[in-house]
Each structure stands twice: as C-alpha cells, then as structure tokens.
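A.B. asks: This is a predicted model, with the sequence first.
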Amino acid sequence: GQNIDQPTEMTATEGAIVQINCTYQTSGFNGLFWYQQHAGEAPTFLSYNVLDGLEEKGRFSSFLSRSKGYSYLLLKELQMKDSASYLCAPWGYNKLIFGAGTRLAVHP
Amino acid sequence: KAGVTQTPRYLIKTRGQQVTLSCSPISGHRSVSWYQQTPGQGLQFLFEYFSETQRNKGNFPGRFSGRQFSNSRSEMNVSTLELGDSALYLCASSLSPNYGYTFGSGTRLTVV
C-alpha cells in the first residue's frame, strides 16, 4: 500500500504560523491534495499541487516535491476557526488516498 | 449552485440486510467517487465513476458495489451488512482534478 505519514496532532497559538508535513510513497501518484475537515462535517478542498513547488492561496500555502514524496501545508495568521483535521491526499489513477490526518488545535 | 447531495443522511440497518445510498453530483461534474470514513481506518477509497464507467476500485469486498446513471447521479450498494460496515459514507464529485473534489455531507450508516 501507499504509506502516508503526517503528524497526529499539533497545537498552535492564534495569529501564529504552522506547517503540517506529509510524506508518502511516490509510486503511482501525479499530484497531491490537502483537505480540511471540521468535526462532524465533510472534508473541504484547500489546495491541489500537480507540479513541484509552492502554491499560495490566501492564508494557506502548499508545497510539493514529487521526487521526494514530500508535501507541506502552511497556515498563516492562524484563527480559532482553523482548529480542524488536515488531510493529506496523494492523487493518481482517479483516486485520492488519504492520510490519517493531523488534528490542529488553535489556542488563544 | 447546489453542492453534492447525499441521501439519506442517516440510516440504521440490521446485520444481513442490504442498503443503497444515493449521491447527486454538482451539475456538470461527471466524476463521482465514494469513500468510507471510520475512526479507526480514516477515509478509504471505495470506487470512482466517470460517464457511467467504473474507472477505479478500492480494496473492499464484493459486497460493496456501485453504479452511475446517465445524469451522473450515483448509487452505492452494500449487501449482507456487517457490524464493521458502520461508517460515514462520503461521495465526492469533480469537474477535473485541478478544481478539486467536492464532498457531500455523507450518509451515516449504523449497522446493529
């Protein structure tokens, strides 16, 4: 199978910056998605990287290195509402393979 | 515009029964995927359909099946339900990967 590793939990302070890392086995994947999921809700799309490098979208940025099987999600100017699970999902063959997710808790 | 609609939202079934879940994608989206989410296993891919054809299937037993209709609406069926099938079943539709996959609110299935 494709091992996808991301930290289980992280905590950060409101207004700070946090980086959530994700590593995965590279075989068969063409790109990588990041999703946010609040407790009891459906995942919502944050970013998609198909090329190596950094994609910036407002307070959220995502980086991908396909050769290294490495990605990170950078969240700036953290807000309390950013407390959620963040799911790394390599994509290939028309399917997403989700990691277990990183639970982020933002404190005042 | 309307999002991805899944029905029903909640379902309670007895072991051995079968169940059919429905998903209506965003208008214009021809790709529909199904995922199972449980606390222990996380989000796992079930299958993906595009223009009524199954393009990919995850590692689930044959009791799990699906189909897609000409209007892109999709159904998934689970036969001979087991307690371990209790989960949140999520459907996602996509115009193309560059635009991401949009998830529905899911159907929470409880097998007793």
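C.D. replies: It's in.
A.B. asks: residues contacting the most centrally placed residue in chain B?
C.D. replies: The centroid of chain B falls nearest to residue B:34 when counting by Cα atoms, centre = their mean (3.4 Å). Counting by Cβ atoms under 8 Å, 6 or more residues apart in numbering or on different chains, residue B:34 makes contact with B:23, B:45, B:46, B:47, B:48, B:66, B:74, B:76, B:89, B:90, B:91, B:92. All C-beta spots, glycine's among them, are computed from the backbone N, C-alpha and C.
A.B. asks: what does chain A put close to chain B?
C.D. replies: Residues of chain A found near chain B (Cβ under 8 Å from any Cβ of the partner chain) are A:31, A:33, A:41-45, A:48, A:50, A:87, A:89, A:91, A:93-101.
A.B. asks: For the worst-scoring helix or strand of chain A on mean pLDDT, which outside residues touch it?
C.D. replies: Confidence across the helices and strands of chain A bottoms out at strand A:95-96, with a mean of 90, counting by mean pLDDT, DSSP states H and E. Strand A:95-96 is contacted from outside by A:33, A:89, A:90, B:33, B:35, B:43, B:45, B:48, B:56, B:58, B:92, B:101, using Cβ under 8 Å, 6+ apart.
A.B. asks: any chance you could map the strands in chain B?
C.D. replies: For chain B, strands defined by DSSP state E occupy the ranges B:5-7, B:10-13, B:19-24, B:31-38, B:42-50, B:53-57, B:64-68, B:74-78, B:87-94, B:102-103, B:107-111.
A.B. asks: Just send those back as CSV, with distance to residue A:62 and mean pLDDT too.
C.D. replies: Shown next, in CSV, are the strands of chain B (distance: least, Cβ to Cβ, whole Å; pLDDT from 0 to 100):
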stretch, distance to residue A:62, mean pLDDT
strand B:5-7, 27, 97
strand B:10-13, 34, 97
strand B:19-24, 27, 98
strand B:31-38, 21, 96
strand B:42-50, 18, 94
strand B:53-57, 24, 94
strand B:64-68, 30, 97
strand B:74-78, 29, 98
strand B:87-94, 18, 97
strand B:102-103, 18, 96
strand B:107-111, 30, 97
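A.B. asks: Just say which of these is most tucked in.
C.D. replies: Among those, ranked by average contacts under mean count of other Cβ atoms under 10 Å in any protein chain shown, first place goes to strand B:87-94 (a mean of 24).
A.B. asks: That one and chain A in contact?
C.D. replies: Yes - Strand B:87-94 lies within reach of chain A by Cβ under 8 Å from any Cβ, at B:90, B:92.
A.B. asks: List the pairing partners of that strand within its sheet, with orientation.
C.D. replies: Strand B:87-94 has its sheet partners listed here by DSSP bridges as strand B:31-38 (antiparallel), strand B:102-103 (antiparallel), strand B:107-111 (antiparallel).
A.B. asks: Dump these into JSON lines; add distance to residue A:65 as well.
C.D. replies: JSON lines is the format used below for those (distance: least, Cβ to Cβ, whole Å):
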{"stretch": "strand B:31-38", "distance to residue A:65": "26"}
{"stretch": "strand B:102-103", "distance to residue A:65": "27"}
{"stretch": "strand B:107-111", "distance to residue A:65": "37"}
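A.B. asks: still on that earlier bit, just the buried ones from the residues of chain A next to chain B, in ChimeraX syntax?
C.D. replies: For the buried members of these, the matching ChimeraX selection, counting by 16 or more other Cβ atoms under 10 Å in any protein chain shown, is:
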select /A:31,33,42,43,45,48,87,89,91,94,95,96,97,98,99,100,101
